[in-house]
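In: coordinates for the following, if possible.
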Amino acid sequence: MRRKLVVGNWKMNGNRAANASLLAGIVAGVNASEASCAVCAPAPYLAQCQDALAGSPVAWGAQDVSAQPGGAFTGEVAASMLADFACAYVIVGHSERRAYHGENSELVAKKAVAVLDAGMTPIVCVGETLAEREAGQTVAVVASQLGAVLDLVGERVAQIVVAYEPVWAIGTGKTATPAMAQEVHAQLRAQLMAKNAVAAETVQILYGGSMKPDNALELMAQPDIDGGLIGGAALKAADFLAILHAAN
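Out: Numbers count the residues shown, from 1 in each chain. Now for the predicted structure:
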């Protein structure tokens, strides 16, 4: 049985004082649950996360990474640098990176490989826009996005996490119904199965479309939803913990 995983994506939010309060609240509320959890913070605060979370059940990670190993790439952060802060997870291909920074699936795949090469777990994001959903292209879009990564990671597919984030449900207050989310998660599981049947049974597929305390339980009751990639609700310890507890 796959262990549930709840990951908070802080996006471009936080400051040292607010982070300290949030991290302390999360650590205080985490119990010996069956679910795993992590927070993905802005890069400047990874040292703070490491200091606050080391020795706790809460892992930490980054929101993006360069596909390059190092060198003359001003403003970029290499996977080896994130590993230096003991990051466990790195988000790659988030819809905001694809939309605002022009990242395509081939680049996302290279980033996933860079994360794996550095000994961390990539959280590979896939998802469709509202226009793509209304055009009936959901399955084709997410299959193409995931396929690019599967082709490049090869036999290491068991070492990735997948996150389905319907773009039209992020930050809009709209949420896919549990049945809608499960349908896409099942398609992603089938795609993983075609690549590696054994790995497909263990890879966690998270839901990343405005999961909140009031819908987390019903969403995570679906057979192929293995947790959540949490945005806004991850910025409040009580909300993040409520979602985590719903995963148990």
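In: from here on, contacts and neighbour counts on C-alpha atoms
Out: Noted.
In: quick one: residue 152 from residue 2, how far?
Out: Here residue 152 is placed at a distance of 24 Å from residue 2 (C-alpha to C-alpha, to the nearest Å).
In: report how many residues lie close to residue 34.
Out: 13 (other C-alpha atoms under 10 Å).
In: show me what the helix ranked longest in the chain is packed up against.
Out: In the chain, taking DSSP state H as the definition, the longest helix is helix 178-195. When contacts are defined as 3 or more C-alpha pairs under 8 Å, 6 or more residues apart in numbering; DSSP states H and E, helix 178-195 packs onto helix 138-153, helix 197-200, strand 205-207, helix 216-220.
In: quick check: which of the ones you listed is buried the most?
Out: Of all those, strand 205-207 has the most neighbours on average by mean count of other C-alpha atoms under 10 Å, namely a mean of 28.
In: by contact count, what packs against it?
Out: Against strand 205-207 (3+ C-alpha pairs under 8 Å, 6+ apart) you get strand 161-164, helix 178-195, strand 227-230.
In: from the chain's centroid, how far away is that strand?
Out: In terms of C-alpha atoms, centre = their mean, to the nearest Å, the centre of strand 205-207 is found 8 Å from the chain centre.
In: how about residue 205, what does it touch?
Out: 161-164, 185, 189, 224-227 (C-alpha atoms under 8 Å, 6 or more residues apart in numbering).
In: tell me the spacing between residue 114 and residue 151.
Out: On the measure of C-alpha to C-alpha, residue 114 and residue 151 end up 14 Å apart.
In: may I ask which two of the contacts of residue 205 are separated the most?
Out: Within the contacts of residue 205, 189 and 227 form the most distant pair, 14.2 Å apart (C-alpha to C-alpha).
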